[in-house]
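Visitor: Sequence below, structure please.
(chains A and B)
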Protein chains: 2
Amino acid sequence: MIWIDGRPDAPLPATDRGLAYGDGVFRTVRVAAGKILWWQDHYDTLRADAARLALACPTEDAIRGQLEAAVVADPGAGYAKLILTRGDGARGYAPPQGCPPRLIIMTGTGESPLLARPLVARWCDLRLAVQPRLAGIKHLNRLENVLARAEWNDGAIAEGVLMDTADRVIGGTMSNLLLWRRGELLVPEVTSAGVAGVARARVLRGAARAGLRVSVRAVTAAEVMDAEALFLCNSLAGLRQVDRLGERNWPPHEMGAALLGCLNETP
Amino acid sequence: MIWIDGRPDAPLPATDRGLAYGDGVFRTVRVAAGKILWWQDHYDTLRADAARLALACPTEDAIRGQLEAAVVADPGAGYAKLILTRGDGARGYAPPQGCPPRLIIMTGTGESPLLARPLVARWCDLRLAVQPRLAGIKHLNRLENVLARAEWNDGAIAEGVLMDTADRVIGGTMSNLLLWRRGELLVPEVTSAGVAGVARARVLRGAARAGLRVSVRAVTAAEVMDAEALFLCNSLAGLRQVDRLGERNWPPHEMGAALLGCLNETP
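Guide: Next comes the predicted model:
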């Protein structure tokens, strides 16, 4: 089901700046048995992402109210996608003054491709552009992801891993990448490109609390390929160990359970 | 007025991939006295841009028919904006198979800011990311333009000039830049970032026919600032000489009329 500013099945004006320019941010939130998972992290991240675009973000109560109504109305929903756009505006790139943002909520079902067993990933040819002003934000300019995902249509491959144009490994097209390597959790920074997802943030927070050695920095492809274990995470699939990337296979690693514990530590 | 797949005021599904990912291309076409200007160039460019995204483009007849109907229905229109998206799809970046693209046409009035006299421009702080896979395409991922245009709200400044992260001058937020320098037309290449606009292509074509010396290559900010004349062009404003950029003022230059002739040479 689709809700626009709290109204079910309301029309979306074609003048929305989300369509015209991708001028907005979004989140995909897992819903299980009518319960919204990790809400506080999602709201905080939505708000922080919006702030980086100087986009007004509705209050937590306002968004949560609409989201809960949407989930109640679609009791079988497995996810809710929230899109926050800068709303309507006159033609032209200048952000309009005083125009309210627009909140679009879509609920639905469907399993994450990352739940596949074995979990097979590939290296993408496309290199992500280096843009610090947009890096980390889950914004609506996702053509790079579309082009990267279009590189394969082998159903056995669940995800593609992306590097930026400066040879840094960034993450998956729809997930963040984590490495267990030489006794530490090594996490690619997403300050040049990519998205700083909520699942990634939760694992980082939980790992720090658990006293694990954690390093967030630029990561090379060689470091990925000689890691003891690779994990992909996002809000829908949680955290999953990668069984295969390119030519290498990895056996199950004990850190999978530990990192899953970090991810799920807080509600 | 807004037309979606030929139907006036039809609703736009919020599931459109143009909203979700900016997965589409667009054109802004000038309309004068019910006449569509430079149609063949616009269609050819739309089709070429779509092809680079592996996006199916309707036939010229199909689009022209919808565009003419829209212009007839809005006799005062000064422009028509055409948006071609990949249409609807299941959630996920993978381009759907067999899903028809969606054509959105919006007509309206309004003068281009580039018609201001004097025409004042500024340098933007934001640097465009280097992404050869998307450079040149007039696609819907335009957050960089939004952020760049948000850098100023001085109504006396009509346009911002952008460089990429490799210090190459690319063009304006909504226009292409042309230099007259040392007896030649020097035009920034847009193979790393930026948009290859129809007005730019027309000037280049006309200049070659007129036997002018033309160079399309990487251009530095220093070359811009010591040019004999600067011009900005797009489909709505045509070609306009820049009176001021940053600290420098330029007097009117005789090449303005010559380049305008190149722009308008063919219909």
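
Visitor: Which residue is most remote from the mean position of chain A?
Guide: Ranking residues of chain A by C-alpha distance from their mean position (C-alpha atoms, centre = their mean) puts residue A:90 at the top, at 30.3 Å.

Visitor: mind listing what that residue touches?
Guide: A:96, B:110 (C-beta atoms under 8 Å, 6 or more residues apart in numbering or on different chains). Any C-beta I mention is one placed from the backbone N, CA and C, and that applies to glycine too.

Visitor: Let me know whether residue A:116 touches residue A:158 as I believe.
Guide: Yes: counting by C-beta atoms under 8 Å, residue A:158 is a contact partner of residue A:116 at 4.6 Å.

Visitor: Those two: who's more crowded?
Guide: Set residue A:116 next to residue A:158 and count neighbours by other C-beta atoms under 10 Å in any protein chain shown: residue A:158 wins out with 26 against 17.

Visitor: Tell me how far that one lies from chain B.
Guide: 11 Å (C-beta to the nearest C-beta, to the nearest Å).

Visitor: number of nearby residues for the nearest residue to residue A:115 once chain neighbours are set aside?
Guide: Here the nearest residue to residue A:115 in space, its sequence neighbours aside, is residue A:237; by C-beta to C-beta, 6 or more residues apart in numbering or on different chains that works out to 5.5 Å. Residue A:237 has 21 neighbouring residues, counting by other C-beta under 10 Å.

Visitor: domains of chain A?
Guide: Domain ranges of chain A: A:2-110, A:114-264, per automatic domain parsing.

Visitor: got the end-to-end distance for the shortest one?
Guide: Right, the one you point to is domain A:2-110. With C-alpha to C-alpha, to the nearest Å as the measure, domain A:2-110 spans 16 Å from end to end.

Visitor: Rounded mean pLDDT for that domain, please.
Guide: Confidence for domain A:2-110, expressed as mean pLDDT, is 95.

Visitor: how many other residues sit next to residue A:226?
Guide: 12.

Visitor: and it, what is it in contact with?
Guide: Residue A:226 touches residue A:181, counting by C-beta under 8 Å, 6+ apart.

Visitor: and residue A:193, helix, strand or coil?
Guide: Of the three states, residue A:193 takes coil under DSSP: H, G, I helix; E, B strand; the rest coil.

Visitor: how near is it to chain B?
Guide: Residue A:193 is 8 Å from chain B, by C-beta to the nearest C-beta.

Visitor: and the residue farthest from the centre of chain A, helix, strand or coil?
Guide: From three-state DSSP, the assignment for residue A:90 is coil.

Visitor: do the same with the one 5 residues further on
Guide: The three-state label for residue A:95, taken from three-state DSSP, comes out as coil.

Visitor: now stretch A:85-94: how far from the chain's centre is it?
Guide: With C-alpha atoms, centre = their mean, to the nearest Å as the basis, stretch A:85-94 stands 25 Å off its chain's centre.

Visitor: Quick one: end-to-end length of it, please.
Guide: 14 Å.

Visitor: so what's the residue nearest to residue A:115 up against?
Guide: A:112, A:114, A:115, A:175.

Visitor: Can you tell me, leaving aside adjacent residues, what's nearest to the residue nearest to the spatial centre of chain A?
Guide: Nearest residue to the geometric centre of chain A (C-alpha atoms, centre = their mean): residue A:197, 4.3 Å. Leaving aside its chain neighbours, residue A:197 sits nearest to residue A:176 (4.8 Å; criterion: C-beta to C-beta, 6+ apart).

Visitor: Do I have it right that that neighbour meets residue A:198?
Guide: No: when contacts are counted by C-beta under 8 Å, residue A:176 is not listed as touching residue A:198 (9.4 Å).

Visitor: Give me the more crowded residue out of these two.
Guide: Looking at residue A:176 and residue A:198 with other C-beta under 10 Å, you find the greater number of neighbours at residue A:198, namely 28 against 25.

Visitor: right, and the domains of chain A - which one's nearest residue B:220?
Guide: Across the domains of chain A, residue B:220 has its closest neighbour in domain A:114-264 (19.9 Å, C-beta to C-beta).

Visitor: Ends of that closest one, what's the gap?
Guide: End-to-end for domain A:114-264, by C-alpha to C-alpha: 17 Å.

Visitor: so how far is it from its chain's centroid?
Guide: With C-alpha atoms, centre = their mean, you get 11 Å for domain A:114-264.

Visitor: Report the mean confidence score over that domain.
Guide: For domain A:114-264, the per-residue pLDDT averages 98.

Visitor: how close does the residue in the stretch 151-267 of chain A positioned nearest to chain B sit to residue A:205?
Guide: Of all residues in the stretch 151-267 of chain A, the one sitting closest to chain B is residue A:173 (5.6 Å; C-beta to the nearest C-beta). Note on residue A:173: its distance to residue A:205, by C-beta to C-beta, to the nearest Å, is 24 Å.

Visitor: More neighbours: the two, which one.
Guide: Taking other C-beta under 10 Å, residue A:173 and residue A:205 do not tie; residue A:173 has more neighbours (25 against 16).

Visitor: Contact partners for residue A:233?
Guide: A:175, A:176, A:178, A:197, A:199, A:200, A:203, A:239, A:240, A:263.

Visitor: okay, the helix or strand encompassing it in PDB with CA atoms only?
Guide: Using DSSP states H and E, residue A:233 maps to strand A:229-234. Extracted in PDB, the C-alpha atoms of strand A:229-234 (Å, rounded to 0.1, in the frame of the first residue of the first chain):
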ATOM      1  CA  ALA A 229      35.200 -13.700   6.700                       C
ATOM      2  CA  LEU A 230      32.900 -11.200   4.900                       C
ATOM      3  CA  PHE A 231      29.500 -10.100   5.900                       C
ATOM      4  CA  LEU A 232      26.800  -8.100   4.200                       C
ATOM      5  CA  CYS A 233      24.100  -6.300   6.200                       C
ATOM      6  CA  ASN A 234      21.000  -4.200   5.700                       C
END
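
Visitor: Paired strands for that strand, with orientation please.
Guide: Strand A:229-234 has its sheet partners listed here by DSSP bridges as strand A:176-181 (antiparallel), strand A:238-241 (antiparallel).

Visitor: any idea which helix or strand comes after the last one?
Guide: Right, strand A:238-241. Taking DSSP H and E, what comes next after strand A:238-241 is strand A:244-245.

Visitor: Show me what that following strand is packed against.
Guide: strand A:120-128 (3 or more C-beta pairs under 8 Å, 6 or more residues apart in numbering or on different chains; DSSP states H and E).

Visitor: following the strand it packs on, which helix or strand shows up next?
Guide: Moving toward the C-terminus from strand A:120-128, the next helix or strand (DSSP H and E) is helix A:143-149.

Visitor: got the contact list for that following helix?
Guide: The contact list for helix A:143-149 (C-beta under 8 Å, 6+ apart) reads A:124, A:126, A:128-129, A:160, A:162, A:173-174, B:17, B:21-23, B:53, B:86, B:92-95, B:131, B:133-134, B:139-141.

Visitor: run the last query once more with 6 Å
Guide: Under the contact criterion C-beta atoms under 6 Å, 6 or more residues apart in numbering or on different chains, helix A:143-149 has outside partners A:124, A:126, A:128, A:160, A:162, A:173, B:21-23, B:93-94, B:133, B:139, B:141.

Visitor: Return the distance of residue A:150 relative to residue B:140.
Guide: As for residue A:150, its distance to residue B:140 is 16 Å (criterion: C-beta to C-beta).

Visitor: and what of residue A:76?
Guide: 32 Å.

Visitor: neighbour-wise, which of those two wins?
Guide: For residue A:76 versus residue B:140, neighbours defined as other C-beta under 10 Å are more numerous around residue B:140 (27 against 10).

Visitor: Skipping adjacent residues, who's closest to that one in space?
Guide: Excluding the flanking residues, the one nearest residue B:140 by C-beta to C-beta, 6+ apart is residue B:22, at 3.8 Å.

Visitor: contacting residues around that neighbour?
Guide: With C-beta under 6 Å, 6+ apart, residue B:22 has these contacts: A:22, A:140, A:141, A:143, B:140, B:141.

Visitor: try 10 Å this time
Guide: A:18-24, A:139-143, A:146, B:85, B:139-143 (C-beta atoms under 10 Å, 6 or more residues apart in numbering or on different chains).
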